[in-house]
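**Student:** sequence isn't available, so here's the structure alone:
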């Protein structure tokens, strides 16, 4: 059972995955979830790729989650902005309106609110992936004055980023709202919200998806999100360490420790956490990753991340299948370095916010003490399974799901193997337990005599009903 990979893999879809045979091969190689990047493509592209992923998952015989990643409030230099070859120390004038006084000869940002949003003395305007970088020194009437601190060329329509932006919320744009509707139409399991500043942003998106069971991923990519990390983690269903824009705002040197901080905060609250950006970037063009990339992935796994995510490596890379294979191998080799969370006490375990969570805490501890081969958890909503995964048990968690959508969402949870098992009407609990044990033995290839810890309740298909723990020896009575 130690050969089962516990850290999950998310692959971004794109032109390189549009061939159905390639996508099926990627899923068989280890893809647990797919990401549809709403920054690139049309509604038809998004829906087509979502259904291709569903079909490929069915062909491969695996549960695969579908994530829609919203673009968020991206800003760019206006098309009328002048080309500027900036050297360190150059003085730069910045406006947010091409018709503003003094716009000629200034950098024009395609965001009218940029002047008011900047925090002079703290904010920086970053062009492209980090160069040029302009420190904002002062706000004058209708403009910002700054000094170039990293040289580079600013071109019209080039992407830009304002660090320490002073805005209440930049969460949902009109495009984001349209993409949310597309995601719901496509049956998305997760929706990732970009540039989250605080818990209000999460609540705004939750209001947009009322009536849907899609789960919300908060992308942590701003210093504002770091400052409000605890409240964001509490409000969201999951978080993502979005290292690209986080590195632009916070500086590359701070990303490793911020990554650990975010993963720790998510793990302490039992939230799924995804680590993303440039994990195996060299494999866009090469069949093998660099040693540094392998170490980066391994360190994220050892930190306790639930998932590792690939972007351009699978969306546009030349070796999407090989990339998945390499990622799976690295994650499998690194997972023995993950330290199980202490269950017996301490801040990480807490007292349990609900009866079901307290039951799962006890079940994990029992499984460790008797060296059970697996935890077997029938579930209606996935809550009990997530409560168990929070403690990072060494043995697999078999989630027997009464609902296919729950199974797909659990496919991204650390150490969880989702499996469908529908409760029959009026089925006695004894018969259901027997079916659960038979399914566990077959799915996990467990020998007769192996012991498993099984949780159940008076009505297994009822949310929050988990209240019982039993030890069963396969092939015999408990």
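**Tutor:** Noted; the coordinates are in hand. Since this is a predicted model, take the numbers as computed values, not measurements. Numbering: from 1, shown residues only.
**Student:** show me where the stretch 151-300 of the chain has its helices.
**Tutor:** For the stretch 151-300 of the chain, the helices defined by DSSP state H, counting those that start in this stretch cover 174-185, 199-208, 223-227, 229-235, 243-250, 255-268, 291-303.
**Student:** quick one, what contacts the nearest residue to residue 122 once chain neighbours are set aside?
**Tutor:** Spatial nearest neighbour of residue 122, excluding adjacent residues (CB to CB, 6 or more residues apart in numbering): residue 164 at 4.7 Å. C-beta coordinates here come from the backbone N, C-alpha and C atoms, glycine included. Counting by CB atoms under 8 Å, 6 or more residues apart in numbering, residue 164 makes contact with 119, 122-124, 223-224, 249.
**Student:** and stretch 431-442, what's buried?
**Tutor:** 432-433, 435-437, 439-441 (16 or more other CB atoms under 10 Å).
**Student:** over to stretch 133-141?
**Tutor:** 133-136, 139.
**Student:** so which of the buried residues of stretch 431-442 sits lowest on pLDDT?
**Tutor:** Among the buried residues of stretch 431-442, residue 432 carries the lowest pLDDT, at 84.
**Student:** contacts for the helix or strand where that one lies next, please.
**Tutor:** Here residue 432 sits within helix 429-444, counting by DSSP states H and E. Outside helix 429-444, the residues within contact range by CB under 8 Å, 6+ apart are 1, 373-374, 376, 378, 396, 398, 400, 417, 419, 421, 423-424, 446, 448, 450, 452, 454, 456, 458, 460, 470, 472, 474-475.
**Student:** that older thread, show me which of the contacts of residue 164 are buried.
**Tutor:** 123-124, 223-224, 249.
**Student:** which of those residues sits closest to residue 202?
**Tutor:** Lowest distance from residue 202 to those (CB to CB) belongs to residue 224, with 13.2 Å.
**Student:** list the contacts for that closest one?
**Tutor:** By CB under 8 Å, 6+ apart, the neighbours of residue 224 are 164-165, 197-198.
**Student:** for residue 47, grab the count of nearby residues.
**Tutor:** 16 (other CB atoms under 10 Å).
**Student:** show me this structure divided up by domain.
**Tutor:** 8-72+171-335, 75-162, 355-473 (automatic domain parsing).
**Student:** ok, which stretches of the stretch 1-150 of the chain are strands?
**Tutor:** 8-12, 33-37, 65-69, 75-76, 84-86, 91-95, 107-108, 124-127, 133-140, 143-150 (DSSP state E, counting those that start in this stretch).
**Student:** going by mean pLDDT, which of those strands comes out lowest?
**Tutor:** strand 75-76 (a mean of 86).
**Student:** counting by contacts, list what that one packs against.
**Tutor:** strand 159-162 (3 or more CB pairs under 8 Å, 6 or more residues apart in numbering; DSSP states H and E).
**Student:** quick one: contacts of the strand it packs on?
**Tutor:** Under CB under 8 Å, 6+ apart, the answer for strand 159-162 is 74-77, 109, 114, 117-118, 123-128, 245, 248-249.
**Student:** what do you get for stretch 246-256?
**Tutor:** 126, 129-130, 161, 163-164, 220-223, 226, 243, 258, 277.
**Student:** and the two most separated of the contacts of residue 164?
**Tutor:** 124 and 224 (14.3 Å).
**Student:** so residue 451 touches residue 475, yeah?
**Tutor:** No: applying CB atoms under 8 Å as the test, residue 451 and residue 475 come out as separate, 10.7 Å apart.
**Student:** let me see the backbone angles for the residue nearest to residue 122.
**Tutor:** phi 50, psi 40 (degrees, to the nearest 10).
**Student:** make a markdown table out of the helices of the stretch 151-300 of the chain and add distance to residue 46 and mean pLDDT.
**Tutor:** A markdown table is the format used below for the helices of the stretch 151-300 of the chain (distance: least, CB to CB, whole Å; pLDDT from 0 to 100):
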| stretch | distance to residue 46 | mean pLDDT |
| --- | --- | --- |
| helix 174-185 | 5 | 96 |
| helix 199-208 | 16 | 95 |
| helix 223-227 | 25 | 91 |
| helix 229-235 | 25 | 97 |
| helix 243-250 | 21 | 87 |
| helix 255-268 | 27 | 96 |
| helix 291-303 | 27 | 97 |
